[in-house]
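# below are the sequence and a predicted model; questions follow.
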Amino acid sequence: MLKTMSAGLALAMLATTASAEVKTRTDSGFTLAFERPVRAAPETVLETVAMPAGWWSSEHTYSGDAANIRLDLIPGGCWCEALPGGGIKHAEVVMVWPERRMVRFDAPFGPLQGMGADAVLTMTWSDPPDGGERLLKWTFVVNGPGTGAMADAIDAVMTEQFRRLGDRLDGL
């Protein structure tokens, strides 16, 4: 019994193993990379990404409530948040390619907008070769004067969002 519980615990820990890393950093930019296995079907990944209110942290919104976020998952679509009397465009969809398991955003989230930074978030999810879990990946590339100094803080926020999306996908 103890052996079975230990094996189960080890498998559960592997199932939620994720990696997040600042891949590159200069004074004027950085690249973040995230990956983890998820159990969701490919169409479920895309459907879930399209509903950030279900996985984005309310703590990292302007309104204080992720329910105010919507994402129109079509090229030119808005990843927007409603605010009293207005709103904010967090990102714009530049590519949706379900066949290639890819979505890409022009995404100068948060303080990056005020800095005039260029930021691209690419999300991909692979088809597992053996019918097992697929690999969810995010790459976030940011360029702009002074942005390199923000890499660790932005990495912490994006790591949390990536974890929340992965957890949501594993719960479906």
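Looks like it came in fine.
# surely Val45 forms part of a strand?
No - with DSSP: H, G, I helix; E, B strand; the rest coil as the criterion, Val45 is assigned helix and is not in a strand.
# so the closest residue to Leu71 other than its chain neighbours is in which element?
Closest residue to Leu71 in three dimensions, ignoring its sequence neighbours and counting by C-beta to C-beta, 6 or more residues apart in numbering: Trp79, at 4.7 Å. C-beta: built from backbone N, CA, C; applies to glycine. Using DSSP states H and E, Trp79 sits in strand 78-83.
# got the CA coordinates for whichever helix or strand comes after that strand in PDB?
Under the assignment DSSP H and E, the closest C-terminal helix or strand after strand 78-83 is strand 86-97. What follows is strand 86-97, C-alpha atoms only, in PDB (Å, rounded to 0.1, in the frame of the first residue of the first chain):
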ATOM      1  CA  GLY A  86     -13.600  52.600 -20.100                       C
ATOM      2  CA  GLY A  87     -11.200  49.800 -20.400                       C
ATOM      3  CA  ILE A  88      -7.700  48.600 -21.300                       C
ATOM      4  CA  LYS A  89      -6.300  46.600 -24.200                       C
ATOM      5  CA  HIS A  90      -3.700  44.300 -22.700                       C
ATOM      6  CA  ALA A  91      -2.900  42.500 -25.900                       C
ATOM      7  CA  GLU A  92      -4.000  42.000 -29.500                       C
ATOM      8  CA  VAL A  93      -4.300  38.600 -31.200                       C
ATOM      9  CA  VAL A  94      -1.900  38.400 -34.200                       C
ATOM     10  CA  MET A  95      -2.200  34.600 -34.900                       C
ATOM     11  CA  VAL A  96      -4.600  31.800 -34.200                       C
ATOM     12  CA  TRP A  97      -3.600  28.500 -35.800                       C
END
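# okay then, goodbye and thanks.
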